[in-house]
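> Give me a 3D structure for the following:
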Amino acid sequence: MRRDESVARKEKFATEGEALTYEMAATAARAASEMFATDVTLIDLRGLVSYADYFVVASAQTERQTRRVAQEVIERMIEKGHRPRTKRLDEGTAWISLDFLDVVVHIFTDEARDYYRLESLWRSAPQENWQE
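Sure, this is the predicted structure:
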């Protein structure tokens, strides 16, 4: 990381804890994106709710693909030392939720994401479309 990127990153995050939760969210987003999830979005909930700092929201075409994306996210997060508090990977599920305490990952089929519209529900929160 270049020095100017490092300074900008430090200014973005006031504490180490905030930087850590962003890195957690980025790890989940990267894993989902690399497993061909689409429209990966980070929703910054800091200061809005007490139960999470970020939501990571992603789409997959089929329920089978949502499970595969979720498995990849879990594996990558565990590699970084973050175990899910709860996970629900049931068969026939159009919405998978993975709770890593400060980061909650939501993986939807396209239809379920359109129905639940989490980004609209949290439209007052800062949102970042994940792109590497």
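> can we go C-alpha only for contacts and neighbour counts from here?
OK.
> Please, where are all the strands along the protein?
38-44, 54-60, 86-87, 95-99, 103-109, 127-129 (DSSP state E).
> Could you say which of these is packed most deeply?
strand 54-60 (a mean of 27; mean count of other Cα atoms under 10 Å).
> so who does the spatially most central residue of the chain touch?
Centroid-nearest residue in the chain, with Cα atoms, centre = their mean: V56, separated by 2.1 Å. Contacts for V56 (Cα atoms under 8 Å, 6 or more residues apart in numbering) come out as A25, A28, A29, V40, T41, L42, I43, V103, V104, V105, H106.
> Next one: the fourth one relative to R123, how far apart?
Just to be clear, that refers to V40. Distance of V40 to R123, given as Cα to Cα, to the nearest Å: 15 Å.
> So, low pLDDT: which residues of the protein?
Where the chain drops to pLDDT under 70, the residues are 1-14, 90-91.
> what's the longest helix belonging to it packed up against?
Determined from DSSP state H, the single longest helix within the chain is helix 16-34. Packing partners of helix 16-34 (3 or more Cα pairs under 8 Å, 6 or more residues apart in numbering; DSSP states H and E): strand 38-44, strand 54-60, helix 63-79, strand 103-109.
> Could you rerun that using 7 Å?
With contacts taken as 3 or more Cα pairs under 7 Å, 6 or more residues apart in numbering; DSSP states H and E, helix 16-34 sits against strand 54-60, helix 63-79, strand 103-109.
> How far away from the center of its chain is the last one?
Counting by Cα atoms, centre = their mean, to the nearest Å, strand 103-109 is centred 6 Å from the centre of its parent chain.
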